[in-house]
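Visitor: structure for this input, please:
(chains A and B)
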Protein chains: 2
Amino acid sequence: MTGTEVLTGRVSDRNGPWLAERLREAGVDLAHIAIVGDRPQDMRAALDFMAAEHLDVIVTSGGLGPTADDLTAAVVGEFQGRAMVLDEALSERIARIVAPLMKRWPNIDPEAVAEANRKQATVPSGAEVLEPVGTAPGLVVTPEQGRPAGPTVVVLPGPPRELQPMWSDALASEGLRAVLERGTIYRQETMRLFGIPESEIAETLRAAEREGVELDAIEVTTCLKRGEVEIVTRYEPDRRQTYEALRAILRERHADTLFSEDGRTIDELVADELRGDGSRPALSIATAESCTGGLMAARLTERAGSSDYVKGAIVAYSNDVKVAAAGVPAELIERHGAVSGEVAEALADGARARLGADVGIGITGIAGPGGGSPEKPVGLVWLSVATPGQAGQTARLTRSVNLPGGRADVRDRSTTVALHLVRRALLGES
Amino acid sequence: MTGTEVLTGRVSDRNGPWLAERLREAGVDLAHIAIVGDRPQDMRAALDFMAAEHLDVIVTSGGLGPTADDLTAAVVGEFQGRAMVLDEALSERIARIVAPLMKRWPNIDPEAVAEANRKQATVPSGAEVLEPVGTAPGLVVTPEQGRPAGPTVVVLPGPPRELQPMWSDALASEGLRAVLERGTIYRQETMRLFGIPESEIAETLRAAEREGVELDAIEVTTCLKRGEVEIVTRYEPDRRQTYEALRAILRERHADTLFSEDGRTIDELVADELRGDGSRPALSIATAESCTGGLMAARLTERAGSSDYVKGAIVAYSNDVKVAAAGVPAELIERHGAVSGEVAEALADGARARLGADVGIGITGIAGPGGGSPEKPVGLVWLSVATPGQAGQTARLTRSVNLPGGRADVRDRSTTVALHLVRRALLGES
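Guide: Prediction:
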């Protein structure tokens, strides 16, 4: 990875996690991710470190832009002992890509554009070129002939929307294929639990070892993520029995909190429930939310195709909007306060009634940093889910939680709790 | 950084960028970020690499949890030549922190908890302990006496809400203070532009050099981020003149697109406009959004104190909600389609009228991947901002954009465009 942007904290690295998944799928065991600035000596030091660690493949992202601080191609070329050459044909292809884009900027200097194209078309001699998705070509660069054996370097652009579509070309390149043919494909399985501390899982893993499950032979990692515990196991294909033994123990000890054994997220599980199938009807959903400010609706609509079941939302941030738009009785707010089970239920009802949805989510809480009190501290959130019940009645699940963390954590965690509440409601639990 | 979670793509590194900012404030020039898995040999290799690069400080995050795969403290202890010892007093302090948390889990095994506490209280001998925020203590670990000089290692927990509050203690530790007293504090300035390609900035930087601005003496990086170009300049304090010369050239050449010279983001600028001051009235805002699905409201309410000016939102994902809840005339949708300037304007009006706000934002577009057509492709988004105009009239700014990228990009980018439209509307531009 390169980019002073990432290093100085201005953007977070969105490519590392994505590439990690793709590499794993391709059977590459990822050992190191390094994030370095645009200083060529630091980039070079990271490449030398990885070569010294005897890695087979290095994937870089970023540093291929048109500005002079974008030096990845040159640094990688030097690292592999290859001179930089202008690829005229590539420069012309980039020019053809850029031409229509430039219509958006009427007063642009054509010489600046041509210079930018030449910069981006100057590549290590003998490198395989991956056709640009934006304006930057990718590269697959092996060590120059006659040099000692070393890692193959795959050079990709920084923007995820350019990097991701280029990956299939990278996989098809001669340089990368030659390496991948040497690898083992590991299996990876993910289980997810909600409502349990990580220390309980640690104890379960110790218990599994005591019962003879050879955890040393597989790789088990646990991770607390958005309020859920994720257990990821990687193993060589002939270790399937060991994994199954572990899974049986987790099932037995944590039946009440283990909600996913096939890696599906709570978002996917809820979406699948709402879509219905032959045995269950499809249901529509809407939210009326206060402290989450639209995040719950944004999370539900993150998925492509969510318009099949999401009706919409009312973000009732002010009390007058709670009353006027979400239909919460003003006297409920007066009597119980805006953050209360009663108001959460009225919000869930309002979402159903006002937006014509089968399922309503109501969320009201104190995200902080201000607004807390001894009775209602920052992090207190009331959530309610209303669903169609028996004989035209409304079925409800309502609960409060005290969420840890800052404003962003409380808001985000509230959406996770709400999704679990929706799932329980749709499964008919109480 | 440690954590197989980050390495295998299951979580993104939220600590790197945050720590990078804090280190910069403390005068530390960040050279490398390494992300390694929970395998001790990989962690050790990264530490050895950084020591070989003669870095003064290494900050680790993660790998301090109660499970056996959390090995950071032990690896750092070995790296610094220090034996691991159980700190009994620390173990008791952790037990006191854990006790109330455990009430949430009635059926928990007390021996599992005690084992977890002992694991987390086993630290390198002689290390400075940073008091836990969650249950994991931080550590500041210098090389054992008699060993060659080497980096001071600051060991912090992985969860941002534990890591961030611990930073002030880390800064106050003897080990880190001793290093920081040797550093130079760089200045950093940020300028932001919207509506200009990065290649134009590259040309401006070349022009600045031709005009004699010594860019070699300062560090200028440009970055395309959420549709904006960010120019960050770092310089030693006596290079202020060079920076001012660059700024003057940027101002002169890019007056129409340079919207922030003091680092304030578009979110901050809009919030400041809405809050008003002696010369401008305070204004409230509401949104009625379709393709962004609540993201616009979520972005406006991300800021603490936003309840002073955000009324709420209607997420009108389905057409019937656009009509019933946002007041969009059904015949407008029939005649122009849901994605049209007319419907964007009706949504902005509906947000103002239904939610009682001074400023209304309407957003409707095609986020993809499905739903596009030759006339209205994926990425087409219509946005409208309605504000109080002269003599009781409504003033409007309405525009369409064709946004590149996938579903998440289109949704996120739409909120950036909308914020710029709000700012222009509030400044009285047309």
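Visitor: burial of residue A:428, as a residue count?
Guide: Per other Cβ atoms under 10 Å in any protein chain shown, the neighbour tally for residue A:428 reads 9. C-beta: built from backbone N, CA, C; applies to glycine.
Visitor: same check, this time on residue A:152
Guide: By other Cβ under 10 Å, 23 other residues sit near residue A:152.
Visitor: residue A:114 too?
Guide: Every residue meeting other Cβ under 10 Å relative to residue A:114 is counted, giving 15.
Visitor: so which helix or strand takes in it?
Guide: Mapping residue A:114 onto the secondary structure by DSSP states H and E places it in helix A:110-120.
Visitor: show me what the very next helix or strand once past that helix is packed up against.
Guide: Following helix A:110-120 in sequence order, the next helix or strand is strand A:122-124 (DSSP H and E). Counting contacts by 3 or more Cβ pairs under 8 Å, 6 or more residues apart in numbering or on different chains; DSSP states H and E, strand A:122-124 is packed against helix A:72-79, strand A:84-86, strand A:138-141.
Visitor: what about strand A:122-124, average pLDDT?
Guide: Confidence for strand A:122-124, expressed as mean pLDDT, is 95.
Visitor: ok, residues contacting it?
Guide: Contacts with strand A:122-124, where a contact means Cβ atoms under 8 Å, 6 or more residues apart in numbering or on different chains, come from A:73-74, A:76-77, A:80, A:82-87, A:90, A:129, A:137, A:139, A:141.
Visitor: so residue A:304 sits right up against residue B:370, yeah?
Guide: Yes. Checked against Cβ atoms under 8 Å, the pair residue A:304 and residue B:370 is within contact range at 6.7 Å.
Visitor: just the C-alpha atoms of the helix holding residue A:114, please, in PDB.
Guide: These are the backbone C-alpha positions of helix A:110-120, laid out as PDB (Å, rounded to 0.1, in the frame of the first residue of the first chain):
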ATOM      1  CA  PRO A 110      -4.500  20.300 -22.600                       C
ATOM      2  CA  GLU A 111      -0.700  20.200 -22.000                       C
ATOM      3  CA  ALA A 112      -1.300  19.400 -18.300                       C
ATOM      4  CA  VAL A 113      -3.500  16.500 -19.400                       C
ATOM      5  CA  ALA A 114      -0.900  15.200 -21.900                       C
ATOM      6  CA  GLU A 115       1.800  15.400 -19.300                       C
ATOM      7  CA  ALA A 116      -0.400  13.500 -16.800                       C
ATOM      8  CA  ASN A 117      -1.000  10.800 -19.500                       C
ATOM      9  CA  ARG A 118       2.700  10.400 -20.200                       C
ATOM     10  CA  LYS A 119       3.500  10.200 -16.500                       C
ATOM     11  CA  GLN A 120       0.900   7.400 -16.100                       C
END
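Visitor: low-confidence bits of the stretch 151-300 of chain A, can you list those?
Guide: Along the stretch 151-300 of chain A, the parts satisfying pLDDT under 70 run over A:184.
Visitor: ranges for the strands of it?
Guide: Per DSSP state E, counting those that start in this stretch, the stretch 151-300 of chain A has strands spanning A:152-156, A:187-194, A:219-225, A:228-235, A:258-260, A:285-289. These are given in chain order.
Visitor: for the shortest one, buried residues please.
Guide: Buried residues in strand A:258-260, counted by 16 or more other Cβ atoms under 10 Å in any protein chain shown: A:258, A:259, A:260.
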